[in-house]
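1. next input, structure requested:
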Amino acid sequence: MYVNIKKCLLFALKYVNIVLVNSLEKIIMAKVCEACGKGKASGNNVSHSKRRTRRTFDVNLHKKDIVTINGVEKRAYLCTRCVRTSNKHAQ
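-> Alright, predicted model coming up:
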């Protein structure tokens, strides 16, 4: 049984970051839209003098209650585009 749990944890660690806080394990959600999979993007800050420094563009995520295929309500993190699309199709 210990081997199965270890395999599951190793599989989960590929997708979830685990941070040690006060010697307790805390699971951090990835900043990814659960509907479309949009994630962080990288690019440049460009100053007036055209100097370029690297930066990241985070996704604008919102907690939203959605109804799954089984009819169960689930709270998901959605980007604003997916929230707008779901509101559009709900009407």
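
2. Asn44 and Cys82, how far apart?
-> Shown here: Asn44 relative to Cys82, a distance of 27 Å by CB to CB, to the nearest Å. (C-beta placed from N, C-alpha, C; glycine too.)

3. do Gly71 as well
-> 20 Å.

4. more crowded one of these two?
-> Of the pair Gly71 and Cys82, Cys82 is the one with more neighbours under other CB atoms under 10 Å, namely 20 against 6.

5. ok so the more buried one is a strand residue?
-> No: under DSSP: H, G, I helix; E, B strand; the rest coil, Cys82 falls outside any strand and is assigned helix.

6. that one against Ala35, yeah?
-> Yes: counting by CB atoms under 8 Å, Cys82 sits close enough to Ala35 to count as a contact (4.3 Å).

7. confidence score at Val19?
-> The predicted local confidence for Val19 comes out at a pLDDT of 42.
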